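Asker: Below are the sequence and a predicted model for it; my questions follow.
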Amino acid sequence: MNDGLSPLPHEFCARLEQIVPAEALPQVLRSFENVRPASFRVNTLLSGTEESFAELRNGGLAVTDCAWCDVAGTVPAEQRRQLSEHVAVTEGRVYIQGLSSMLAALALAPQPGEAVLDLAAAPGGKTLHLAATMQKQGRLSAVEPVRTRFFKLRENLRRYGADDFVRLYQTDGRDVGRKTPETFDAVLLDAPCTSEARFDCNDPTSWQFWGPRKIAESARKQKALLRSAIDATRVGGRVLYCTCSFAPEENELVVAHTLRRLEGKITLLRIELPVGNIQPGLTQWEGKELPSEVALARRVLPDETMSGFFLALVEKTEPTALTKQKRGRHRE
Ligand code: SAM
């Protein structure tokens, strides 16, 4: 339904028509105009919720409470800059974060005392949310291989008061399952992706590298990362896989591939989300049927306040990591 007025790639719009329900398509296409309010989460590691809301309001910001997350709120798009320059943000009491991103920690629900891993962590918004949810009790490890992003992550953890809790590793997430097999109670994999949900009609550079090759390259890495995340999880533990892409190749197909590879060793769990703009995971794509349980995954449809997001929650029921002995046999 690209009427010729949208600057987005024609192929991208044509794919969206196949992905989102017809009645939601106009709203989804409008979402790329990116005039959403700016959203934030109070960093409860450093501040009380009421104090931070009052501090922002006293600073002239027109704060609206988030209906489903009592530590989150929004300000009108025109106040985005004022919010980012506010002392509550620069001093770490408030973190600017998309509302959809906040669903990741809610869905994984790490408990105080658990051993938790964030496998693709920079710049650290979700790591900080996990740390706050765990009330800094237990163990939280965060992995980021890209040097500049790793430094940004370290700086954010320091500024937001979690550097004394989170153990940081600058390494490739694909190796972590082999290095620390069957270890964590909960793993977040907010996978590197084509970031389709971040396309901005006013900024053509936001899709300049997009195309089928980029999607395929992304999907290859995501499959390896998801396998590593599951290998690093103990039996009975859970993995939340999420992306900010609409592409089924990066979402349902990654999950379906992993379900097939690890048949009987993992299962998909239902995700309870506190928002209404939700679509079940697709169970077919380009004429191919996917396992029916992939419908348990969730797609957040973008609207006036939220950007597109994909989430799938996996429970591990049997060991998956290759022991040294098994690895040897695997190579034979
Ligand atoms: N969770 C972060 C947050 O909420 O602030 C955003 C994560 S972003 C979607 C994906 C991250 O994965 C990027 O920082 C990227 O550098 C990192 N990444 C890329 N390749 C990776 C790999 N092989 N292993 C682990 N992380 C990787």
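Answerer: Alright, I've got the coordinates.
Asker: just checking, what packs against the helix or strand where residue 222 lies?
Answerer: Assignment of secondary structure by DSSP states H and E places residue 222 within helix 212-231. Applying 3 or more Cβ pairs under 8 Å, 6 or more residues apart in numbering; DSSP states H and E, one finds that helix 212-231 contacts helix 176-179, strand 184-190, strand 233-243, helix 252-261. C-beta coordinates here come from the backbone N, C-alpha and C atoms, glycine included.
Asker: State the mean pLDDT of the third one.
Answerer: In other words, strand 233-243. For strand 233-243, the mean per-residue pLDDT is 98.
Asker: Paired strands for it, with orientation please.
Answerer: Note on strand 233-243: by DSSP bridges, its sheet partners are strand 184-190 (parallel), strand 309-316 (antiparallel).
Asker: Residue 15 is nearest to which of those strands?
Answerer: Each of the strands paired with strand 233-243 was checked against residue 15 via Cβ to Cβ, and the shortest separation belongs to strand 309-316, namely 14.2 Å.
Asker: Only C-alpha atoms, please: export the closest one in CSV.
Answerer: Output of strand 309-316 as CSV, limited to C-alpha atoms (Å, rounded to 0.1, in the frame of the first residue of the first chain):
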residue,chain,number,x,y,z
PHE,A,309,8.9,-4.9,18.4
PHE,A,310,9.1,-8.7,18.3
LEU,A,311,9.4,-11.0,21.4
ALA,A,312,9.6,-14.7,21.8
LEU,A,313,10.1,-16.5,25.2
VAL,A,314,11.8,-19.8,25.2
GLU,A,315,11.9,-22.3,28.1
LYS,A,316,14.8,-24.8,28.2
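Asker: what inclination does that strand have with respect to helix 212-231?
Answerer: Strand 309-316 runs at 30 degrees relative to helix 212-231, counting by axes from the mean of the first three to the mean of the last three Cα atoms, to 10 degrees.
Asker: Next, the angle from strand 309-316 to helix 252-261.
Answerer: Computed with the same axes, to 10 degrees, the direction of strand 309-316 lies at 10 degrees from that of helix 252-261.
Asker: The ligand contacts on the stretch 101-250 of the chain?
Answerer: 101, 119-126, 143-146, 149, 172-174, 190, 192, 225 (Cβ under 6 Å from any ligand atom).
Asker: And the helices and strands packed on helix 212-231: which comes nearest residue 317?
Answerer: Nearest to residue 317 among the helices and strands packed on helix 212-231 is strand 233-243 (6.7 Å), distances taken as Cβ to Cβ.
Asker: how far does that closest one sit from the chain's center?
Answerer: For strand 233-243, the distance between its averaged C-alpha position and the chain's averaged C-alpha position is 13 Å (Cα atoms, centre = their mean, to the nearest Å).
Asker: Run through who's touching it.
Answerer: Strand 233-243 is touched from outside by 104, 107-108, 182-191, 193, 222, 226, 229-230, 250-251, 254-255, 269, 309-319, with contacts defined as Cβ atoms under 8 Å, 6 or more residues apart in numbering.
Asker: Tell me how many other residues crowd the residue lying closest to residue 231 once chain neighbours are set aside.
Answerer: Taking Cβ to Cβ, 6 or more residues apart in numbering as the measure, residue 231 lies nearest to residue 177, with 2.8 Å between them; neighbours along the chain are not counted. Neighbour count for residue 177, taken as other Cβ atoms under 10 Å: 27.
Asker: pLDDT value on residue 177, please?
Answerer: Predicted confidence (pLDDT) for residue 177: 98.
Asker: what about residue 178, how many neighbours?
Answerer: Residue 178 is surrounded by 15 other residues when neighbours are defined as other Cβ under 10 Å.
Asker: Surely it is in contact with residue 321?
Answerer: Yes. Under the criterion of Cβ atoms under 8 Å, residue 178 is in contact with residue 321, at a separation of 7.1 Å.
Asker: list the residues that contact both of those two?
Answerer: residue 231.
Asker: so what's the residue of the stretch 151-300 of the chain found nearest the ligand closest to, chain neighbours aside?
Answerer: The stretch 151-300 of the chain approaches the ligand most closely through residue 173 (2.9 Å), counting by Cβ to the nearest ligand atom. Once its chain neighbours are removed from consideration, residue 173 has its nearest residue in residue 119; the separation is 4.4 Å (Cβ to Cβ, 6+ apart).
Asker: coming back round to it: how about the residue nearest to residue 231, what does it touch?
Answerer: Listed by Cβ under 8 Å, 6+ apart, the contact partners of residue 177 are 227, 228, 229, 230, 231, 232, 321.
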